[in-house]
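*Asks:* What would the 3D arrangement of this be:
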Amino acid sequence: MKEKNNKKIKVIIISIVLITLIGIAVAFFTSRSESGKKTVKVGNLSIIYENENAVNLTNKFPVYDKDIEEDASKIEFTVRNNGDVLEYASISMIGIQISDKLKIPDFKYALYEKNISEPVKEGNFENAGTEINVATNIEFAAGAKKYYVLYVWLSENDGDQSDLMGTTFTARIKLEGYGKKQKEKVLLSQMIKDNNSPISEDKPDFSQPATEDKGLIKDKDDDGDTYYFRGAVEDNYVKINGLTWKSTDTDDYTGKIYHNAGEDMLWRIVRINGDGTIRLIADGSIGNSAFNENYEDEKYGGYTYDNTTNRQDSTIKTFLEDWYDRNMKPYDEYIGTSKFCNDTSSKTDEYGDIVYGAFDRFYNNDPPTPSFKCPNTIKNYGGLYTDLKIGLITADEVIFAGAGSDWNESYYLQGKSFYFWTASPDYFDGLINVGIVADRGEVLSVTVDGEWGTRPTINLKSDLLYTSGNGTKISPYLVG
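*Replies:* All right, here's what the predicted structure looks like:
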């Protein structure tokens, strides 16, 4: 193992606050200012902490995986069943607060039962939310006593890890006892990945629309690995329990009814974001809106504009947020405040027109090169938003989903509404144009003052647990 003095990274600050929650009757215990053994008893189970000054786990260096027993931060504890009947228990880390830079595969944890070589559970914090289930349905016979050690460490990878200096991590340990086996708690995002295994890592040919089911594909966004659905998939449905359509949506040209008032409002999974949240788009339009009522200035391609002076909301942002306030407040606990991109990065073409990023990647590259990353912009409108609960899908995400410049009446975003807006401006030639998805699935461009369908996009929280469903229309993943 390398000498610590030679490491390119000096210090990682890691602290674990021990607070135990046991069973339905709640008892909290903290060792923040004490040392030595501590015992918490609730019901038949007790937990005894062995560490002295266990909370102050600071100034940590990267550790080789083989050396965690000697060098990793660790919490040692004993769990005992003091009763005369079989008990089950789960162990979790809750109240997780973690620097974004530590949401990487190299920041790891492992729970071991003492003197047993194989871990009870091991994992990393790449997609960490506020809670991680470490172990479920651990059996404790009457009078049984088991010794555990939980390791948390940054894995040494022999590379430059200096950008992680000063990062922090805190969590609480939760022990919950119950009388019978429970279903194992699984993150919804993990269940989606498990149900769509094997996951492809191949880059599709985006010059061709995806007319067949291409399943779940891995790519990168600003936060890490993202997993997106592509093509004619039929197992990416989500139902938010109790949410229904408030009005009937009918195609004025053909008379086709997309959905009726009172029907369950279904959503489609666009992708699992790099931060672990799950991006959904409504499986139909909530109504027509202009993107902006004015169109003779480039700034009206912005989801907001006049950002650095007196930020103004676009027409469609107001429309979406009013709808959210009227319809989604009962479900607000499931919705994350996540990233939305209104890519206003641009260049000027040979005619003096402004061409924006998403459509430059789509039209001016062969094959097209859509991206889940949101480029920096120097514009006083649009850009990356991190404070929204509702927004719009990007033109890039539509291309990833299976669209092209030609018709595609097979992929999962098509056929659920007439034309609907994306968040991506196209070009400005005196009139500002924004991308739209047409009735036959192709991506087109229209001026922002037209009133077209609006399909809200939201992000489910990263720590949302799986409850039921397999993602099909008759058995959608259930939220709430």
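
*Asks:* Where does pLDDT dip in this protein?
*Replies:* Where the chain drops to pLDDT under 70, the residues are 1-43, 49-60, 182-184.

*Asks:* how does it divide into domains?
*Replies:* 4-178, 191-479 (automatic domain parsing).

*Asks:* Between the two ends of the last one, how far is it?
*Replies:* Domain 191-479 has an end-to-end distance of 13 Å (Cα to Cα, to the nearest Å).

*Asks:* Which helix runs longest in the chain?
*Replies:* helix 315-327 (DSSP state H).

*Asks:* so after it, what's the next helix or strand?
*Replies:* Reading on from helix 315-327 to the C-terminus, the next helix or strand found by DSSP states H and E is strand 338-342.

*Asks:* Now find how far off-centre that following strand is within its chain.
*Replies:* Between the centre of strand 338-342 and the centre of its chain there are 12 Å (Cα atoms, centre = their mean, to the nearest Å).

*Asks:* Can you show me the helices along the stretch 51-200 of the chain?
*Replies:* Defined through DSSP state H, counting those that start in this stretch, the helices belonging to the stretch 51-200 of the chain, from first to last, are 68-71, 188-195.

*Asks:* Comparing those, which comes out most buried?
*Replies:* Ranked by average neighbour count under the criterion mean count of other Cβ atoms under 10 Å, these are headed by helix 188-195 at a mean of 18. Quick note: C-beta positions are derived from backbone N, CA and C, even for glycine.

*Asks:* Provide the contact partners of that one at residue level.
*Replies:* Counting by Cβ atoms under 8 Å, 6 or more residues apart in numbering, the neighbours of helix 188-195 from elsewhere in the structure are 127, 186, 199, 216, 227, 235-236, 269, 272, 276, 278, 460, 462, 464-467, 470-471, 477, 479.

*Asks:* Please spell out the ChimeraX selection for the buried subset of the residues you listed.
*Replies:* Buried members of the contacts of helix 188-195, identified by 16 or more other Cβ atoms under 10 Å, are gathered into one ChimeraX selection as follows:
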select :127,216,227,235,236,269,272,276,278,460,462,464,465,466,471,477,479
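
*Asks:* Next step: the contacts of helix 188-195 restricted to strands.
*Replies:* Taking DSSP state E, the ones among those that sit in strands are 216, 227, 269, 272, 278, 460, 477, 479.

*Asks:* Could you dump the residues you listed into CSV with distance to T170 added?
*Replies:* Formatted as CSV, the entries for the ones in strands among the contacts of helix 188-195 read as follows, by distance: Cβ to Cβ, whole Å:
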residue, distance to T170
L216, 33
Y227, 28
I269, 31
I272, 25
I278, 25
L460, 24
Y477, 31
V479, 28
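
*Asks:* residue boundaries of the helices in the stretch 251-400 of the chain?
*Replies:* Taking DSSP H, counting those that start in this stretch to define them, one finds helices in the stretch 251-400 of the chain at 315-327, 357-363, 395-401.

*Asks:* quick one, which of the ones you listed is nearest to E263?
*Replies:* With Cβ to Cβ as the measure, helix 315-327 is the member of those nearest E263 (14.1 Å).

*Asks:* Among the domains of the chain, show me which one is buried the most.
*Replies:* Mean neighbour counts were compared across these using mean count of other Cβ under 10 Å; the top stretch is domain 191-479, at a mean of 19.

*Asks:* Go ahead and measure how far it is from the middle of the chain.
*Replies:* The offset between the C-alpha centroid of domain 191-479 and the centroid of the whole chain comes to 15 Å, using Cα atoms, centre = their mean.

*Asks:* Would you confirm that R268 contacts K239?
*Replies:* No - under the contact definition of Cβ atoms under 8 Å, R268 does not touch K239, with a separation of 11.1 Å.

*Asks:* picking that back up, for the ones in strands among the contacts of helix 188-195, which one is nearest F107?
*Replies:* Closest approach between the ones in strands among the contacts of helix 188-195 and F107, by Cβ to Cβ: I272, at 19.2 Å.

*Asks:* Distance check, the closest one against D163.
*Replies:* Going from I272 to D163 by Cβ to Cβ, to the nearest Å gives 25 Å.

*Asks:* and what of S289?
*Replies:* Note on S289: its distance to D163, by Cβ to Cβ, is 42 Å.

*Asks:* ditto for D406
*Replies:* Relative to D163, D406 is positioned 43 Å away (criterion: Cβ to Cβ).

*Asks:* How about N376?
*Replies:* Distance of N376 to D163, computed by Cβ to Cβ: 19 Å.

*Asks:* Equivalent analysis for L102, please.
*Replies:* When Cβ to Cβ is applied, the distance between L102 and D163 equals 11 Å.

*Asks:* Also S46?
*Replies:* Distance from S46 to D163, by Cβ to Cβ: 42 Å.

*Asks:* cool, I474 as well?
*Replies:* Using Cβ to Cβ, I474 is found at 47 Å from D163.

*Asks:* What residues does the spatially most central residue of the chain make contact with?
*Replies:* Nearest to the geometric centre of the chain sits T277, at 1.3 Å (Cα atoms, centre = their mean). Residues counted as contacts of T277 (Cβ under 8 Å, 6+ apart) are 336, 338, 459-462.

*Asks:* List just the nearest of these to D313.
*Replies:* The shortest separation between D313 and any of these is 18.2 Å, and it belongs to S338 (by Cβ to Cβ).
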